[in-house]
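Colleague: My questions concern the predicted model and sequence given below.
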Amino acid sequence: MRDWTLTRDADGYATLAFDKAGAAVNTLSAGAMAELAEALDALDATPPKGLVIRSAKASGFIAGADIDEFRAAKTPEDGLAIVRRGWELFERLANVRYPTLALVKGFCLGGGLELAMACRYRVAVDDPSTRMGLPEVMLGIVPGWGGIKRLPRLVGAPAALDLLLTGKTVDARRAKRLGLVDEAVPMRIAENTVAGVIRALPPPRRLPFPLSLTQNPLARRVIAASAARKLRARARPEHYPAPYTILALFARFDGNALAPPPDDPASMQSLLRAPDFGNLIRVYTLQERLTALGKDSDFKARHVHVIGAGTMGGDIAAWCALRGFTVTLQDQDAARLAPAMGRAAKLFASRLKDARRVRDASDRLVPDVAGDGAARADVVIEAIFENVDAKRALFAAVEKKARADAILATNTSSIPLEAIATALADPSRLVGLHFFNPVAKMMLVEVVTGSATRADIAPRALAFVRAIDKLPLPVRSSPGFLVNRILAPYLMEAMRAVDEGVAPETVDEAALAFGMPMGPIELADTVGLDICVTVGKLLADAGAPPARLMSLVEAKQLGKKSGEGYYRWVDGKPQKGAAGAVPAGLAARLIDPFVAEARKALAEGVVADADLVDAGAIFGTGFAPFRGGPLWYAAHRGATTQEAAGGITR
């Protein structure tokens, strides 16, 4: 076998190690699955006392199924065959005569977790790299190889549906608390633990009595109905059918993805025939492309200095500290730093969940009124207000303090780098690192190069963005860069509709019905109406600004940050009335300027190609992911996207 190695020891125990040939990570391709079946044939012929399944790769256990095979499927029947192959193989594994144990270190996702759950026991290595989950729903597909059946039986329906419907992952300790694994141990005792479990054969864990009731068929239907009601608030079934398919399979078919009749809405055939099936897999591909950027650079930053402790600067600093960097945060006085430190403490507590790790992250974030950290930093990020003269003055001072090899970055949201770099003795050092608000949720960072930016700077900046676990998008300096440029006409058109008498709630509903995660009026309030005006002025053909926008800004009603804008904001939430009937053509009126500006940006070379435009729109503006991006949507409007992509036909 190429991908699996089967060994037996003198005591009669067997080990099956997965090391997919020619690949950096283990994925369950058709070939790998066929070899696993061969290994089970051999083990059935001569059963061992016990079997341990593990990865032979340092990168992790198993990343899941081979997504390329779903992408290459030509018909729903082809897709169904992939599901049937995994379901039947893992059912076979779950029913072998000898005890089985999966040793998990590193990522254990999708089909990898379904394989592990088909084993009798699971031991996870308590290491930061260990993450377990079923992210299929994020790709528009479902865990069809037994995950919907086995996960509720291991952890109970509430926790299982939380993981299944969101694609969230858990670490080893959380997996142990849930009951997903039998043991979570440090690497130094993992081998001994595995040997002890497979020899002692403790009784498999049983659900506590209250959770066992969630397996009752009637209870499953009630739980699924409740989950569906909550789900509709964030994912419409016509846009994202996969989570509703998961609920139906759980409630009506005990998680068996092969059980529904072909014409049932819960069937794999129905899901694979959905008009936009495959577009979320495309989004995954775009994300993988961004993730790969920066890998060619050996730049390793340790210390980040952020200047400006406002909402953006403070949150950038907190994020970098969360990701393990030493961070100095500079502002004019301690009073300006205090709110940022408070927000950082909340971020650390919500993300890290462990008092020791929260303390360590807090220790890494250092208030720095004097700005001494700039002299020691590998990366200096300016994040003050959007004023070109203020930014020039700041960089003129910082350049004299910073190390010669440090990255000098601006977080400007719209000002061309060339306008800022005039203050520098060496303008070739300046690069843009444009984060988006809220920093902790928005994964995209535009890496902006100006006409004078040195060729070696961008790869280092890309590597830094990946090191803080963000998605870097290389863009050329121009007014608004990419994301704000394509977003501005969309927002302006929405606000002009309000000027014409359409209620803000109705405008937002038109966009939500199209598939946007947030309506444009709510988004404008969230971004800040003053920022909308600034970006609009920078775009040459933006036209006259909407009257209502200007009156709100003049009244200092700037949206969420001031508590009043198009909406009144209470506890961070807009107070909306009911939306009226959406006028015919309103959604197209909003989206068409978005698409047109995206085409112009591509033609002008702001980014390298159409896929990067779509990636920027999806990860930077939230453009309806299930539509595949604005340029993809425009190019394939009127045809099913899979037909256009050469994939599954209807």
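Modeller: Noted; the coordinates are in hand.

Colleague: What segments of the stretch 201-350 of the chain are strands?
Modeller: Secondary structure of the stretch 201-350 of the chain (DSSP state E, counting those that start in this stretch): strands at 303-307, 326-330.

Colleague: Okay, now the unreliable bits of this structure?
Modeller: By pLDDT under 70, the low-scoring segments of the chain are 538, 540-542, 638-650.

Colleague: hmm, try it at 80
Modeller: Along the chain, segments meeting pLDDT under 80 span 71, 73-74, 275, 535, 537-543, 637-650.

Colleague: Doesn't Val123 lie inside a helix?
Modeller: No - Val123 is assigned strand when assessed by DSSP: H, G, I helix; E, B strand; the rest coil, not a helix.

Colleague: which residues touch it?
Modeller: Counting by Cβ atoms under 8 Å, 6 or more residues apart in numbering, Val123 makes contact with 101-104, 181-185, 190, 193-194, 197. C-beta coordinates here come from the backbone N, C-alpha and C atoms, glycine included.

Colleague: Neighbour-wise, give me the winner out of these.
Modeller: Val104 (32 neighbours; other Cβ atoms under 10 Å).

Colleague: hang on, that residue packs against Ala116?
Modeller: Yes - judged on Cβ atoms under 8 Å, Val104 makes contact with Ala116 at a distance of 5.9 Å.

Colleague: shared neighbours, the two?
Modeller: The contact sets of Val104 and Ala116 overlap at 61, 122, 132 (Cβ under 8 Å, 6+ apart).

Colleague: and of those residues, the nearest to Gly620?
Modeller: Met132 (29.3 Å; Cβ to Cβ).

Colleague: helices and strands around the helix or strand where that closest one lies, which ones?
Modeller: Secondary-structure assignment from DSSP states H and E places Met132 in strand 131-133. Applying 3 or more Cβ pairs under 8 Å, 6 or more residues apart in numbering; DSSP states H and E, one finds that strand 131-133 makes contact with strand 107-109, helix 111-118, strand 169-170.

Colleague: And the contacts of the first one?
Modeller: The one in question is strand 107-109. 25, 59-64, 102, 116, 124, 129-135, 169.

Colleague: Would you list the buried entries among those?
Modeller: 25, 60-64, 102, 116, 124, 130-135, 169 (16 or more other Cβ atoms under 10 Å).

Colleague: Report how many residues lie close to the residue lying closest to Gly313 once chain neighbours are set aside.
Modeller: Nearest residue to Gly313 in three dimensions, chain neighbours excluded: Ala383, at 3.2 Å (Cβ to Cβ, 6 or more residues apart in numbering). With neighbours defined by other Cβ under 10 Å, the count for Ala383 comes to 26.

Colleague: One more: Ala503?
Modeller: Residues near Ala503, counting by other Cβ under 10 Å, number 16.

Colleague: dump the residue contacts of the residue nearest the centre of the chain.
Modeller: The centroid of the chain falls nearest to Met443 when counting by Cα atoms, centre = their mean (6.9 Å). Contacts for Met443 (Cβ under 8 Å, 6+ apart) come out as 470-471, 619.

Colleague: Identify the bridge partners of the residue nearest to it when sequence neighbours are not counted.
Modeller: Excluding the flanking residues, the one nearest Met443 by Cβ to Cβ, 6+ apart is Leu471, at 4.9 Å. Note on Leu471: beta-bridge partners by DSSP bridges are Leu444.

Colleague: distance of Ala233 from Asp44?
Modeller: As judged by Cβ to Cβ, to the nearest Å, Ala233 and Asp44 stand 48 Å apart.

Colleague: who's more crowded, these two?
Modeller: Legend: neighbour count by other Cβ under 10 Å for Ala233 and Asp44, higher for Asp44 (12 against 7).

Colleague: in terms of contact, does the more buried one touch Val96 like I think?
Modeller: Yes - with contact defined as Cβ under 8 Å, Asp44 counts as touching Val96 (7.1 Å).

Colleague: tell me the contacts of the nearest residue to Arg221 once chain neighbours are set aside?
Modeller: The shortest distance from Arg221 to any non-neighbouring residue, by Cβ to Cβ, 6+ apart, is to Ala251 (4.7 Å). Ala251 makes contacts with 220-221, 223-225, as judged by Cβ under 8 Å, 6+ apart.

Colleague: ditto for Pro135
Modeller: By Cβ under 8 Å, 6+ apart, the residues touching Pro135 are 64, 109-110, 167, 169.

Colleague: For Leu394, state which of the residues you listed is nearest.
Modeller: For the contacts of Pro135, the nearest to Leu394 is Thr169 (39.6 Å; Cβ to Cβ).

Colleague: For the closest one, which non-adjacent residue is closest in space?
Modeller: Using Cβ to Cβ, 6+ apart, the nearest residue to Thr169 is Gly133, at 3.4 Å.

Colleague: Tell me the bridge partners for the one you found.
Modeller: With DSSP bridges as the criterion, Gly133 is bridged to Leu109, Thr169.

Colleague: Can you tell me how far it is from Ser29?
Modeller: Taken as Cβ to Cβ, the span from Gly133 to Ser29 is 20 Å.

Colleague: same deal with Pro583?
Modeller: From Pro583 over to Ser29 the distance is 49 Å, taken as Cβ to Cβ.

Colleague: Verify the contact between Glu114 and Trp87 for me.
Modeller: No - using Cβ under 8 Å, Glu114 is not in contact with Trp87; the gap is 9.1 Å.

Colleague: who's more crowded, these two?
Modeller: Neighbour count, other Cβ under 10 Å: between Glu114 and Trp87, Glu114 has more, with 30 against 19.

Colleague: Thanks a lot, see you next time.
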